[in-house]
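>>> Turn this into a model:
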Amino acid sequence: MRILTGTLMHETNTFNASPTKLEDFKVLQGHELFEHEFWRGNAESTGGIIETLQAEGADVVPTVHAVAMVSGIVEDEAYVKIKRMVLDAVRSAGQIDGICFCLHGSMYTRGAQDPEGDLMKAIRELVGERLPIVCALDMHATITEELLQSVNAFTVFRTAPHTDRYDCGVRAAELLLRIIRRGLDVVTVGARLPFLVCGENSMTTVLPMKDMIAEAYAVSRMKQTLNADYTLGFPWADTPHHGVWALVSGESLYLNELREIALDMAEKLWEQRDEFRFSEESHELDSALDIALETKGTVMLADTGDNPTAGASSNLTIVLEKLHQRNIDRTLVAVIADADSYTACRSAGPGQSVELKLGRRQPNTEEPYRVQAHVRSVHDDIDAVGHSKERCNAAVVVIGEVDVIVTERRIAVYDPQFLQQLGVHVEDYRLIVVKSGYLSPAYRELGSRTLFALTPGQSNISLSRIVYEQAPRPIYPHEPNTAWNRDEERKRMIRVK
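Residues are numbered from 1 along each chain as shown. Predicted structure coming up:
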């Protein structure tokens, strides 16, 4: 059995003005992928897909592995080139029995506002209607009809924070093998809800999303279904495709029943739409700092508006400035991404003082925060550990009474081991500020209390403050009286299938 695989992962924040270029992607072609180990058990579903297929004796035919950190709009040239690589690999693959692809689902370019749908449609046109295709998706995928029409079945992350990436790939591979071995004719139906929700409102360890995931598991065990999942979309993009979806995959002979099952799932989520609140204690910045100062132990504070894992620039100094204004000491800020400031720290060297033009003071300005910094240490090529398995250069500096990690580029500090590699010890601080949305379980375990600071920026989690120009309207919660009608949604589903 020969199975073609590929990976295209990018979550696009359209509010970040810095474009994502081809060189921002880690691109590997064909069997070049097997010369590396990073993808095994990796943050993507790639490892789960390939290792499961190999364990089942399948001949894996890799096409392209292209992954970039969540960031601004992908340049058209980058997407066109990656798409061409994938299609060329499909054309030259020879006889294959199926395709298992790893996608994010919320990539965006100006030329193709739905790149994943565009790519899978092009692949479908090459391989024909009968070849089974299964895709693994991020929970925050933005679903489109073109994507649904081009792929037989999907598996979706069922955890937020996303700790089941590998397992999602395993599920996708096992589902594809089941389809091939049983000769099944499989379709996926989707019921859409006019709903915008961010990850910080929908952690799967708390209600109501905890119940929704239980519903997905329960539906997946029904005799008519092969898999069921929810996708929540990505709110930090201005796209005409926004919406929350209930996806149900099963044999085409159950098509009508699958629609009703998807509508049941959608209706259950819609009935709880008012319950999707912040899953951590959330406050405006000053109030969050007040609470942190009153709390014993080390408090973990998420600077949610400048979260690189949601595509923000990770260089705003809003929180740092507030810490200085309030003379708050024993605090660490992780991280501020600024290549020029890192270079200045490295040139000065440990033990020296240096003047920095650090980051940006506000979301809509390029004005830096001018500070005097004492360089504590400089580190080259530090492994961020965590899921990203990326490396970066960093300096630890003291600015006033606050320790700050300055990195050469944006980095998602998923794992507090990154701090340890810099010689930074959590217990030395009463407050650690991490540019993040929901903090990883490892950070939450270390902190005596975890808080969201509702800060401005390109990943503002107060969605009502974001101006959308392309989003379909009305949409909840921007329009609180937005209605959803099961019968109307059924008509739409029948019309497009």
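
>>> tell me the SS of the residue lying closest to residue 310 once chain neighbours are set aside?
Leaving aside its sequence neighbours, residue 310 sits nearest to residue 459 (C-beta to C-beta, 6 or more residues apart in numbering; 3.7 Å). For every residue, glycine as well, the C-beta is placed using N, CA and C. Reduced to three states with DSSP: H, G, I helix; E, B strand; the rest coil, the structure at residue 459 is coil.

>>> need the contact list for residue 459.
By C-beta atoms under 8 Å, 6 or more residues apart in numbering, the contact list for residue 459 reads 13, 236, 304, 305, 306, 307, 310, 311, 312, 437.

>>> Verify the stated contact: the second one with residue 15.
So that's residue 236. Yes - Residue 236 is in contact with residue 15 according to C-beta atoms under 8 Å; the separation is 5.9 Å.

>>> any shared contact partners between those two?
Both residue 236 and residue 15 are contacted by 311, 458, 466, under the criterion C-beta under 8 Å, 6+ apart.

>>> which residues sit against stretch 51-67?
Contact with stretch 51-67 is made by 1-10, 25-31, 33-34, 39-40, 44, 46, 50, 82, 85-86, 89-90, 93-94, 96, 100, 169-170, 173-174, 177, as judged by C-beta under 8 Å, 6+ apart.

>>> Quick check: ChimeraX command selecting the buried ones in the residues you listed.
In ChimeraX syntax, the buried subset of the contacts of stretch 51-67 is picked out as below (16 or more other C-beta atoms under 10 Å):
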select :3,4,5,6,7,8,9,10,25,26,27,28,33,39,44,46,50,82,85,86,89,90,93,100,169,170,173,174,177
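
>>> and the longest strand along the chain, what other elements does it pack with?
Longest strand in the chain, counting residues (DSSP state E): strand 369-383. Packing partners of strand 369-383 (3 or more C-beta pairs under 8 Å, 6 or more residues apart in numbering; DSSP states H and E): helix 339-348, strand 353-358, strand 391-399, helix 417-421.

>>> Now do the buried residues in it.
Buried residues in strand 369-383, defined by neighbour count with 16+ other C-beta under 10 Å: 369, 371, 373, 374, 375, 376, 377, 378, 379, 382.

>>> do stretch 459-473 as well
459, 460, 461, 462, 463, 466, 468, 471.

>>> try stretch 16-26
16, 19, 20, 22, 24, 25, 26.

>>> Out of those residues, flag the one nearest to residue 447.
Nearest to residue 447 among these, counting by C-beta to C-beta, is residue 16 at 27.9 Å.

>>> Show me what the worst-scoring helix or strand of the chain on mean pLDDT is packed against.
Here the helix or strand of the chain ranked lowest by mean pLDDT, DSSP states H and E is helix 441-446, holding a mean of 87. Applying 3+ C-beta pairs under 8 Å, 6+ apart, one finds that helix 441-446 contacts strand 299-303.

>>> re earlier: more neighbours: which of residue 236 and residue 15?
When residue 236 and residue 15 are compared for neighbours, residue 236 comes out ahead with 26 against 21, by other C-beta atoms under 10 Å.

>>> State the distance from the more buried one to residue 411.
The span separating residue 236 from residue 411 equals 18 Å under the rule C-beta to C-beta, to the nearest Å.

>>> same deal with residue 417?
13 Å.

>>> Okay, now the unreliable bits of the chain?
Applying pLDDT under 70 to the chain flags residues 43, 383-390, 497.

>>> Domain-wise, how is it divided?
With automatic domain parsing as the criterion, the domains of the chain are listed as 2-277+488-496, 281-460.

>>> can I get the ones you listed in TSV with distance to residue 479?
As requested, the domains of the chain are exported to TSV (distance: least, C-beta to C-beta, whole Å):
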stretch	distance to residue 479
domain 2-277+488-496	9
domain 281-460	18
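
>>> ok so, going back, among the buried residues of strand 369-383, which two are most distant?
Top of the distance list for the buried residues of strand 369-383 (C-beta to C-beta): 369 and 382, 23.6 Å.

>>> So which residues of the stretch 51-200 of the chain form helices?
Secondary structure of the stretch 51-200 of the chain (DSSP state H, counting those that start in this stretch): helices located at 76-91, 115-127, 145-150, 165-182.

>>> Please state the offset of the second one from the chain centre?
Going back to what we said before, that points to helix 115-127. Remark: helix 115-127 is offset 22 Å from the chain centroid, using C-alpha atoms, centre = their mean, to the nearest Å.

>>> coming back round to it: which of the buried residues of strand 369-383 sits closest to residue 403?
Closest approach between the buried residues of strand 369-383 and residue 403, by C-beta to C-beta: residue 376, at 7.3 Å.

>>> Quick check: chain neighbours aside, which residue is closest to residue 145?
Per C-beta to C-beta, 6+ apart, closest to residue 145 is residue 496, 5.3 Å.

>>> Repeat that for residue 6.
Spatially, and ignoring its direct neighbours in sequence, residue 6 is nearest to residue 63 (4.0 Å; C-beta to C-beta, 6+ apart).

>>> quick one: residue 96 and residue 207, what's the gap?
Distance, residue 96 to residue 207, by C-beta to C-beta: 43 Å.

>>> Pull the number of nearby residues for the closest residue to residue 89 other than its chain neighbours.
Nearest non-adjacent residue to residue 89, counting by C-beta to C-beta, 6+ apart: residue 63, 3.6 Å away. By other C-beta under 10 Å, the residues close to residue 63 number 25.

>>> swap in residue 420?
So residue 420, with other C-beta under 10 Å, has 12 neighbours.

>>> now do the one 3 residues further on
Residues contacting residue 423 under the criterion other C-beta under 10 Å number 10.

>>> And for residue 496?
Per other C-beta under 10 Å, the neighbour tally for residue 496 reads 11.

>>> residue contacts, the nearest residue to residue 90 once chain neighbours are set aside?
Computed as C-beta to C-beta, 6+ apart, the closest residue to residue 90 that is not its neighbour in sequence is residue 126, at 5.3 Å. Shown in contact with residue 126 (C-beta under 8 Å, 6+ apart): 87, 90, 91.

>>> which one of those is nearest residue 156?
For the contacts of residue 126, the nearest to residue 156 is residue 90 (23.7 Å; C-beta to C-beta).

>>> and the closest one, what does it touch?
By C-beta under 8 Å, 6+ apart, the neighbours of residue 90 are 4, 63, 123, 126, 127.

>>> Hmm, residue 99 and the third one touching each other?
Yes - look at residue 123 against residue 99 with C-beta under 8 Å: they come within range, at 6.9 Å.

>>> Now for these two: what residues contact both?
The contact sets of residue 123 and residue 99 overlap at residue 133 (C-beta under 8 Å, 6+ apart).

>>> neighbour count winner among these two?
Neighbour comparison, residue 123 and residue 99: the larger count goes to residue 99, with 25 against 22 (by other C-beta under 10 Å).

>>> and the more buried one, bridged to which residues?
residue 4, residue 133 (DSSP bridges).

>>> Surely it touches residue 49?
No - under the contact definition of C-beta under 8 Å, residue 99 does not touch residue 49, with a separation of 10.5 Å.

>>> Any chance you could list residues touching both of the two?
residue 5.

>>> Pull stretch 327-340 out as CSV, backbone CA atoms only.
What follows is stretch 327-340, C-alpha atoms only, in CSV (Å, rounded to 0.1, in the frame of the first residue of the first chain):
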residue,chain,number,x,y,z
ASN,A,327,8.0,50.3,40.5
ILE,A,328,7.2,46.6,40.5
ASP,A,329,10.3,44.5,41.1
ARG,A,330,11.1,40.8,41.1
THR,A,331,9.5,40.4,37.8
LEU,A,332,10.5,38.6,34.5
VAL,A,333,9.2,39.5,31.1
ALA,A,334,9.5,36.7,28.5
VAL,A,335,10.0,37.7,25.8
ILE,A,336,10.5,40.9,23.8
ALA,A,337,11.5,40.1,20.2
ASP,A,338,13.9,42.7,18.8
ALA,A,339,16.8,41.8,16.6
ASP,A,340,18.6,45.2,16.9
